[in-house]
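Participant: The amino acid sequence is not available; the structure is as follows:
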């Protein structure tokens with residue numbers, strides 16, 4: 001099996017995390033212990049009727065000064081929307097910002113926390129470490145199991161004129177605490193559960209095989225993969241099963257840790273133009289490419305998937321590394337079929353005429369592509385995309 005350099009490496013994890021059913025109920029106590037009195041909320045529009053959220057919001061309103069409540073109904077926020085939301089919060093005297101939602105709403109929360117403490121338009125902070133002043137303290141309560149945004153120093157938005165996705169990336173908005181409560185995910189629609197779940201799975205796979213992976217990051221990649229691969233089809237069959245919901249949430253959290261301490265890959269790079277130009281939800285756009293990338297890597301001698309294959313319940317182990325890679329690909333595609341994820345680009349209205357454009361857009365994120373364990377050229381990206389039509 002291929003190995004990675006176990007010499008010098010770094011590992012980062014800042015956020016204090018509370019885990020378990022009902023744990024979101026600890027939030028008011030944590031806020032009081034931290035000395036916060038005036039709070040503002042950013043709430044995903046899809047969670048406003050969730051009973052656990054409603055009870056918690058009522059407790060917050062009773063115990064604290066609820067300065068502002070911003071309900072986000074935009075699934076893929078752009079920088080213009082970010083500025084609009086910042087203007088709504090401008091001048092309001094809140095001590096902390098509490099985010100409820102999936103990856104997009106938590107990204108919105110994190111970005112707003114630094115935009116209210118730093119001058120100018122949001123777009124001027126697009127990039128890495130351009131934010132100078134720490135943000136208002138953030139508390140994150142994920143209501144989906146996907147990106148692990150509750151612990152990552154990344155917040156991704158679309159630039160509407162350039163039609164490009166790129167983030168405001170800084171550790172200065174990392175949440176002070178996060179609460180992983182499966183009760184907040186039980187009202188998540190099936191389509192969102194699946195799209196966010198496969199996003200977490202792809203993050204686990206890509207971060208594991210990336211050339212930037214470390215022994216520490218791979219611990220989290222492995223556990224994220226093990227949990228999500230087993231729990232995703234189960235939670236689709238039994239959406240109210242809290243054990244499966246909890247496993248998904250924990251797996252997504254681990255995948256976020258793994259990704260921020262390793263790197264994304266080609267599937268991540270190719271997902272951005274699919275989302276921006278064809279309105280494909282991020283998790284789905286990310287996931288659709290992964291089986292093809294896995295097959296591409298395996299056919300060119302990559303054996304790194306062998307270890308992940310060994311984590312699949314009931315997978316035959318009496319195979320050589322190449323056979324395990326091929327079987328890993330087969331098991332992954334079988335999972336896609338079970339939860340209803342397409343394995344081609346055709347369902348999204350993409351034709352062969354679009355392939356060159358998508359390849360050119362994906363290569364704008366060449367850094368992610370270069371982390372793939374097998375070298376991939378611009379021509380290779382075009383070939384991969386064409387094979388999916």
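Facilitator: Yep, that arrived. The structure displayed is predicted, hence computed values, not measured ones.
Participant: for this structure, which residue is closest to the average position?
Facilitator: residue 147 (1.6 Å; Cα atoms, centre = their mean).
Participant: Quick one, grab the pLDDT at that one.
Facilitator: As predicted, residue 147 sits at a pLDDT of 92.
Participant: Please spell out which residues along the lengthiest helix in the chain are buried.
Facilitator: Among the segments of the chain that qualify as a helix by DSSP state H, the longest is helix 215-237. Across helix 215-237, burial judged by 16 or more other Cβ atoms under 10 Å covers 216-218, 220-233, 235-236. Bear in mind the C-beta positions are built from the backbone N, C-alpha and C, glycine included.
Participant: Check stretch 197-214 too.
Facilitator: Those buried within stretch 197-214 under the rule 16+ other Cβ under 10 Å are 197-210, 213-214.
Participant: State the pLDDT value of the residue of the chain positioned farthest from its centre.
Facilitator: No residue in the chain has its C-alpha farther from the mean C-alpha position than residue 318, which lies at 34.0 Å (Cα atoms, centre = their mean). Residue 318 is assigned a predicted lDDT (pLDDT) of 89.
Participant: for it, what are its contacts?
Facilitator: If you count contacts by Cβ atoms under 8 Å, 6 or more residues apart in numbering, residue 318 has none.
Participant: so it, which of the three states?
Facilitator: Under DSSP: H, G, I helix; E, B strand; the rest coil, the three-state class of residue 318 is coil.
Participant: mind checking how far it is from residue 230?
Facilitator: For residue 318, the distance to residue 230 equals 21 Å [Cβ to Cβ, to the nearest Å].
Participant: now swap in residue 192 and tell me
Facilitator: Counting by Cβ to Cβ - residue 192 and residue 230 are separated by 20 Å.
Participant: same thing with residue 132?
Facilitator: 43 Å.
Participant: ok, now residue 151?
Facilitator: The gap separating residue 151 from residue 230 is 22 Å, by Cβ to Cβ.
Participant: before we move on, the earlier item: helix, strand or coil for the residue nearest to the centre of the chain?
Facilitator: Reduced to three states by three-state DSSP, residue 147 is coil.
Participant: Next, count neighbours for the nearest residue to it once chain neighbours are set aside.
Facilitator: In space, and not counting its chain neighbours, residue 147 is closest to residue 103: 3.7 Å by Cβ to Cβ, 6 or more residues apart in numbering. The criterion is other Cβ atoms under 10 Å. On that basis, residue 103 has 26 neighbouring residues.
Participant: One more: residue 320?
Facilitator: So residue 320, with other Cβ under 10 Å, has 9 neighbours.
Participant: I'd like the distance between it and residue 304.
Facilitator: With distances taken as Cβ to Cβ, residue 320 is found 15 Å from residue 304.
Participant: Mind jotting down where the strands sit in this structure?
Facilitator: In the chain, the strands defined using DSSP state E lie at 16-19, 38-44, 65-72, 96-101, 127-128, 138-142, 154-159, 164-169, 177-180.
Participant: how about the ones you listed in a markdown table, adding mean neighbour count and distance to residue 284?
Facilitator: Compiled in a markdown table, the strands of the chain are given as follows (neighbours: other Cβ atoms under 10 Å; distance: least, Cβ to Cβ, whole Å):
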| stretch | mean neighbour count | distance to residue 284 |
| --- | --- | --- |
| strand 16-19 | 15 | 27 |
| strand 38-44 | 23 | 18 |
| strand 65-72 | 16 | 19 |
| strand 96-101 | 27 | 18 |
| strand 127-128 | 13 | 26 |
| strand 138-142 | 27 | 18 |
| strand 154-159 | 21 | 15 |
| strand 164-169 | 20 | 14 |
| strand 177-180 | 24 | 23 |
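Participant: now these as TSV including mean pLDDT and distance to residue 382?
Facilitator: Formatted as TSV, the strands of the chain follow (pLDDT from 0 to 100; distance: least, Cβ to Cβ, whole Å):
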stretch	mean pLDDT	distance to residue 382
strand 16-19	97	41
strand 38-44	98	37
strand 65-72	98	36
strand 96-101	98	36
strand 127-128	96	28
strand 138-142	98	36
strand 154-159	95	24
strand 164-169	93	19
strand 177-180	98	40
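Participant: Quick one: mean pLDDT for stretch 258-276?
Facilitator: On average, stretch 258-276 scores 94.
Participant: next one: that stretch to chain centre, how far?
Facilitator: The chain centre lies 9 Å from the centre of stretch 258-276; the measure is Cα atoms, centre = their mean, to the nearest Å.
Participant: okay, how far is it across it, tip to tip?
Facilitator: Its start and end residues considered, stretch 258-276 measures 25 Å (Cα to Cα, to the nearest Å).
Participant: and if you look at stretch 289-306?
Facilitator: Start-to-end span of stretch 289-306 (Cα to Cα) is 19 Å.
Participant: contact partners of it?
Facilitator: 1-2, 201-202, 205-206, 208-209, 265-267, 270-271, 321-322, 324-326, 328-329, 332-333, 336, 343, 372-374, 376, 380, 384, 387-388.
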